[in-house]
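Asker: turn this into a model:
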Amino acid sequence: MNHKIALAVTAVASAAFGAAAVQTLNAQAKPPVYYVTEIELTNADAYLKDYAPRQGDLIRQMGGRYLAAGGKTTSFDGDPPRSRVVITAWDNLEKVQAWRSSAAYKELRQTGDKYAKFRSFAIEGVSP
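Answerer: Residues are numbered from 1 along each chain as shown. Purely as a prediction, here's the structure:
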């Protein structure tokens with residue numbers, strides 16, 4: 001009888017482990033969220049010296065990763081993008097919202113608003 005109980009406990013534990021593994025794999029398969037910012041610089045020197053490096057540090061501290069920042073853009077349809085475009089990737093929208101609602105972001109953004117006008121949005125990526 002003890003052998004049957006041990007076998008049943010092993011089967012239940014294996015099923016629980018398998019379910020946990022599936023949950024973990026599903027969580028890893030969620031697509032990232034991309035945060036896109038178009039920036040119209042009104043004072044490029046001050047923006048690049050006083051604002052951009054500090055915002056970059058904050059983004060990395062909060063879990064964001066830079067994909068593009070201020071590189072050459074090519075417009076194919078519609079109006080061209082503003083003078084600077086930045087794209088960051090985040091694990092989820094909650095991390096983007098935590099960054100944007102942080103006291104550090106709000107304080108730093110006041111500095112950024114002195115040097116530029118911003119247009120930004122987040123878009124969910126596609127599943128791999």
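Asker: which helix or strand lies directly C-terminal to the lowest-mean-pLDDT helix or strand in the chain?
Answerer: Every helix and strand in the chain was compared by mean pLDDT, DSSP states H and E; the lowest is helix 2-28, with a mean of 58. For helix 2-28, the following helix or strand on the C-terminal side (DSSP states H and E) is strand 33-41.
Asker: neighbours around the nearest residue in space to Ser83 that is not next to it in sequence, how many?
Answerer: Using C-beta to C-beta, 6 or more residues apart in numbering and skipping residues adjacent in sequence, the residue nearest Ser83 is Leu41, 5.0 Å away. All C-beta spots, glycine's among them, are computed from the backbone N, C-alpha and C. Neighbours of Leu41 under the rule other C-beta atoms under 10 Å: 16.
Asker: hmm, Leu41 is touching Val86, no?
Answerer: No - Leu41 lies out of contact with Val86 (C-beta atoms under 8 Å); the separation is 11.7 Å.
Asker: give me the most central residue, this structure.
Answerer: Trp90 (1.7 Å; C-alpha atoms, centre = their mean).
Asker: and that residue, backbone torsions?
Answerer: phi -130, psi 150 (degrees, to the nearest 10).
Asker: coming back round to it: how about the residue nearest to Ser83, what does it touch?
Answerer: Taking C-beta atoms under 8 Å, 6 or more residues apart in numbering, we find Leu41 in contact with 47, 83-84, 115-116.
Asker: keep only those of those residues that are in strands.
Answerer: Among these, DSSP state E puts 84, 116 in strands.
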